[in-house]
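Enquirer: With the sequence up front, the predicted model follows.
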Protein chains: 2
Amino acid sequence: MIVKAQHSADGGQDAIDLEHFLPYRLSRLTNTVSNAIAALYRDRFGLSIPDWRVLAVLARFPGSSAQDLVSRTRMDKVAVSRSVARLVERGMVNRATDEKDRRLSRLALSAEGRSVYARIVPMARDCEAALLANLEPQQREALDRLLILLQAAADELDGTNEK
Amino acid sequence: MIVKAQHSADGGQDAIDLEHFLPYRLSRLTNTVSNAIAALYRDRFGLSIPDWRVLAVLARFPGSSAQDLVSRTRMDKVAVSRSVARLVERGMVNRATDEKDRRLSRLALSAEGRSVYARIVPMARDCEAALLANLEPQQREALDRLLILLQAAADELDGTNEK
DNA sequence: TCCAGATGGTTGCAAATGAAACTATAGCCT
DNA sequence: AGGCTATAGTTTCATTTGCAACCATCTGGA
């Protein structure tokens, strides 16, 4: 049984309805999308979303270091370290120490990694296509612009609160 | 040092650039927003985002049961149970067993809870306003429509993969 | 050359999260 | 009434996550 809405003591104009609260809506949307995709990768290939991100970057930028992965995926460096370890372990990624600077690893997909990646790409594309299926071309452009603006505002917000 | 983009063996037209991949962009945006907000609530009031969501729903729907909270916040029932326990513990929420059905709890904000809530609402509004600050009114409407469409598509996607 | 500080990356630990098992109560069907 | 099934909510346990401490290597300056 769902309780009916009620106004708070002072009239309710200062209450917030989660359903219309932008951060909540974004969070809900992202969670739904991520869960659907995560299930897909996990069931078919035993990969997590972080794993997939690492593969995607290495497919495009072979020879990246872990630090490159951090900046390109915005993942935590610990998460990158662990994903890479898993993928090396499973033979999808090759790691070689850079000869010039022995602190960094040069990472790249193995043949196996490329093969897995090639099989995932269509699934990822299909997911994206399904999300966008009901949008007109101009709505897609609008979405693109909005996401850019929102991300910029969010970065601003994050930076402001920081210190 | 950032490695330059390279094409994969088969020409690269089947590679995915994370920066333009919608699920990744959504995830990134949501994480930025959530982290900024979480820091705000945590620093000022020691509340997590789940806690805040419970407060928000109880402010608007006093007398909700835990189950009502689950459907209104889309949180996991375990998360709801834990948030409620914390909030009761801290004196922000009152719990009473329903007399008609002794399985359910009737939850409501205490005076303290209302007071905390009243102080958080302006912060939440400010965050939302900051996000939307650079959007024209018609862009905000477009955003609203897009979020509805995307959420519907995401629900569809989720339901399809499910079984 | 050698030391101090910076950078790349991993490990350890503690908190957050989620699935599944469990307890308690209710409602239905005979 | 008795028992079966469903629902509300909590607890337990395994996994994930993130910070901070850590080790290794490099770089620049005395």
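Expert: Sure, I can see it.

Enquirer: Alongside DNA strand C, which residues does chain A contribute?
Expert: Residues of chain A lying close to DNA strand C by Cβ under 7 Å from any atom of the strand are A:65-67, A:77-78, A:80-82, A:84-85, A:103-105. C-beta here means a position set from N, CA and C on the backbone, and glycine is covered the same way.

Enquirer: again, 6 Å this time
Expert: Within reach of DNA strand C by Cβ under 6 Å from any atom of the strand, chain A has these residues: A:65-67, A:77-78, A:81, A:84-85, A:103-105.

Enquirer: was I right about residue A:152 contacting residue B:133?
Expert: No - at 10.3 Å, residue A:152 does not count as touching residue B:133 under the criterion of Cβ atoms under 8 Å.

Enquirer: Can you tell me which of the residues of chain A next to DNA strand C are buried?
Expert: A:65-66, A:84, A:104-105 (16 or more other Cβ atoms under 10 Å in any protein chain shown).

Enquirer: Widest-spaced pair of those?
Expert: Largest separation among those by Cβ to Cβ: A:84 and A:104, giving 12.0 Å.

Enquirer: Overlap of the contact sets of these two?
Expert: Jointly contacting residue A:84 and residue A:104 under the rule Cβ atoms under 8 Å, 6 or more residues apart in numbering or on different chains are residue A:66.

Enquirer: now the lengthiest helix in chain A, how far from the chain's geometric center?
Expert: The helix that spans the most residues within chain A, counting by DSSP state H, is helix A:137-162. In terms of Cα atoms, centre = their mean, to the nearest Å, the centre of helix A:137-162 is found 15 Å from the chain centre.

Enquirer: got the buried residues for it?
Expert: Of all the residues in helix A:137-162, those buried under the rule 16+ other Cβ under 10 Å are A:142-143, A:146-147, A:149-151, A:153-154, A:156-158.

Enquirer: before we move on, back to that, what's the closest of the buried ones among the residues of chain A next to DNA strand C to chain B?
Expert: Nearest to chain B among these: residue A:65, at 7.6 Å, using Cβ to the nearest Cβ.

Enquirer: ranges for the strands of chain A?
Expert: Along chain A, counting by DSSP state E, strands occupy A:93-97, A:105-109.

Enquirer: Mean pLDDT for these - can I get that in a markdown table?
Expert: Converted to a markdown table, these look like this (pLDDT from 0 to 100):
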| stretch | mean pLDDT |
| --- | --- |
| strand A:93-97 | 96 |
| strand A:105-109 | 96 |
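
Enquirer: Serialize these to a markdown table and add fields for distance to residue A:15.
Expert: As requested, those are exported to a markdown table (distance: least, Cβ to Cβ, whole Å):
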| stretch | distance to residue A:15 |
| --- | --- |
| strand A:93-97 | 50 |
| strand A:105-109 | 50 |
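
Enquirer: Understood, closing this out.
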